[in-house]
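Undergrad: predicted model, plus sequence, below.
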Protein chains: 2
Amino acid sequence: MRISQLSAESGVPIPTIKYYLREGLLPQGEQTSATRAEYGPAHLRRLRLIRALLEVGRVPVAAIRRVIEAVEDERTDVHTMLGTAHYALASPPEPHSAGDEEWTRARDDVDRLIAGLGWRVGPFAPGRDELAQTLVTLERLGMPATDADLLVYARTAMDLARDHEMGKIPFDGPRDVAVETLVICTVMYGKALDVFRRLAHESESARILEA
Amino acid sequence: MRISQLSAESGVPIPTIKYYLREGLLPQGEQTSATRAEYGPAHLRRLRLIRALLEVGRVPVAAIRRVIEAVEDERTDVHTMLGTAHYALASPPEPHSAGDEEWTRARDDVDRLIAGLGWRVGPFAPGRDELAQTLVTLERLGMPATDADLLVYARTAMDLARDHEMGKIPFDGPRDVAVETLVICTVMYGKALDVFRRLAHESESARILEA
DNA sequence: TACTAATGGATAGCCCGACTATCCAGCGTG
DNA sequence: CACGCTGGATAGTCGGGCTATCCATTAGTA
């Protein structure tokens, strides 16, 4: 398959495909001569993954590249690779001053919460900081989150992960498929959940206010 | 309170505050003379809301403005106002060609699903299109979502909304507080849920792969 | 009363991220 | 052998979210 065909099948313009090649999101095609390269179904597949993450997940190109680098580093084991991919999807919180009391306390709360749940989460998981930032923000807004509230969300997330999501991941298959599935699952069903939540709010609001 | 004090208390630089004033995110202060204006606690509160939506929710400035316009339009009733605010938070999907078969089918699936759940959602709720786009994307990725999958997420969202979220909204209080609470709740707990999901994935991955 | 620093208002510029446009030399098929 | 497409490189565009500069005015302070 030549680049024009790749473009036609995916709907992505040729200059954009070249951009993805430059950025390392898409592997180079197999060179058949100085001015020809051959692309295969794997490229089409990768291209669809990129567009899905960009358009539905609003994942920045730099984060997609980090995910892909995790896949292509053959030295790491599957768990590390999944972890790296997952960490790459995080959106780093605003930098905060190191000695921020409020912030340190929130971060401690998060660590205690995760420990209390018995979750096996790395000490440097970016989610810890993201959650701490969210807690600080809620406090500043005058609506501090209670532990009970947080536990509800944590358990909801774990129920979904355990019963409906991790089961889809083919751990025994090729490593790239495992990562790809994990990322798709995280991003796409994350989006779906987000949308359902907003729809549910609208529906409940209608029910309450029209009564 | 003068602008410099507003800046000091909120941590937002003065030029940025001026930018928000220009963009209509922040109401003008009360003019006390040609070159003086007085800002009150409401401004500080609004400023914190803006920063929360921007930093934690990654909500674009234009969407925040739409939310605020909904609040300030005194003519609409509370339900319409909440709806407008909610619609403003949606991230519109990529435009699709009108005659796209695949897309129309997905959109029908979404409408049927929502009707089947008995949810009271407006026919033009942007979430319908967002969900349709997500379904199309999942199909293109070769991992189509089943109705059973979607129902799990829908019910999870509704359980959270009914039992833990809508109860926090003070429908009987002033309208701006109701909208503000709804938006904060949607965005901040949405973020928390998202983070918890990623942490749960990591934890489950560790449990499965280290066994 | 003179001076200084801050204010509100306006305009223009900056930076980043995601493309998009142009150019060029070398194929390779008709 | 001509013409169109290819890969590769470089530069330009566009939108979003600020940020910098300037200016006339004026509240404090000396």
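TA: Alright, I've got the coordinates. Predicted model only: the values in this text are computed from it and were never measured.
Undergrad: check the offset of stretch A:137-156 from the chain's centre.
TA: Its chain's C-alpha centre and that of stretch A:137-156 lie 22 Å apart, by C-alpha atoms, centre = their mean, to the nearest Å.
Undergrad: which positions in chain A make contact with DNA strand C?
TA: A:13, A:15-16, A:18-19, A:32-36, A:54, A:60-62 (C-beta under 7 Å from any atom of the strand). All C-beta spots, glycine's among them, are computed from the backbone N, C-alpha and C.
Undergrad: apply 6 Å and report the result again.
TA: When proximity is defined as C-beta under 6 Å from any atom of the strand, chain A approaches DNA strand C at A:13, A:15-16, A:19, A:32-36, A:54, A:60-62.
Undergrad: could you identify the least confident member of those residues?
TA: Lowest in pLDDT among those is A:A34, which has 82.
Undergrad: any idea which helix or strand comes after the helix or strand of chain A with the lowest mean pLDDT?
TA: Least confident helix or strand of chain A, by mean pLDDT, DSSP states H and E, is strand A:30-33 with a mean of 88. Later in the chain than strand A:30-33, the nearest helix or strand by DSSP states H and E is strand A:36-38.
Undergrad: identify all contacting residues around that following strand.
TA: Contacts with strand A:36-38, where a contact means C-beta atoms under 8 Å, 6 or more residues apart in numbering or on different chains, come from A:M1, A:R2, A:I3, A:Q28, A:G29, A:E30, A:Q31, A:T32.
Undergrad: between those, which is closest to B:P174?
TA: B:P174 lies nearest to A:I3 out of the contacts of strand A:36-38, by C-beta to C-beta, at 58.5 Å.
Undergrad: in ChimeraX, select just the buried ones from the contacts of strand A:36-38.
TA: Selecting only the buried entries of the contacts of strand A:36-38 in ChimeraX, with 16 or more other C-beta atoms under 10 Å in any protein chain shown as the criterion:
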select /A:1,3,29
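Undergrad: state the pair within the residues of chain A next to DNA strand C that is farthest apart.
TA: Maximum distance among the residues of chain A next to DNA strand C (C-beta to C-beta): 34.9 Å, for A:S33 and A:P60.
Undergrad: thinking again about what came up before, what lines up beside the least confident helix or strand of chain A in the sheet?
TA: Here strand A:30-33 is paired, per DSSP bridges, with strand A:36-38 (antiparallel).
Undergrad: so A:P92 makes contact with A:R128?
TA: No: in this structure A:P92 lies outside contact range of A:R128 using C-beta atoms under 8 Å: 11.8 Å.
Undergrad: between those two, who's got more neighbours?
TA: Set A:P92 next to A:R128 and count neighbours by other C-beta atoms under 10 Å in any protein chain shown: A:R128 wins out with 20 against 11.
Undergrad: what about the more buried one, distance to B:S4?
TA: Taking C-beta to C-beta, to the nearest Å as the criterion, A:R128 is separated from B:S4 by 35 Å.
Undergrad: what of A:D159?
TA: 49 Å.
Undergrad: more neighbours, the two?
TA: The residue with more neighbours, out of A:D159 and B:S4, is A:D159; 14 against 10, by other C-beta under 10 Å.
Undergrad: which residues does that one contact?
TA: Counting by C-beta under 8 Å, 6+ apart, A:D159 makes contact with B:T156.
Undergrad: quick check: which element contains it?
TA: Using DSSP H and E, A:D159 sits within helix A:147-160.
Undergrad: can you point out the buried residues in that helix?
TA: In terms of neighbour count (16+ other C-beta under 10 Å), helix A:147-160 has its buried residues at A:D149, A:L150, A:V152, A:Y153, A:A154, A:T156, A:A157, A:M158, A:L160.
Undergrad: any chance of those residues in CSV, with distance to A:V136 too?
TA: Listed next are those as CSV, based on distance: C-beta to C-beta, whole Å:
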residue, distance to A:V136
A:D149, 15
A:L150, 14
A:V152, 20
A:Y153, 17
A:A154, 18
A:T156, 22
A:A157, 20
A:M158, 24
A:L160, 26
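Undergrad: and which of the residues you listed is nearest to DNA strand C?
TA: Closest approach between those and DNA strand C, by C-beta to the nearest atom of the strand: A:A157, at 25.6 Å.
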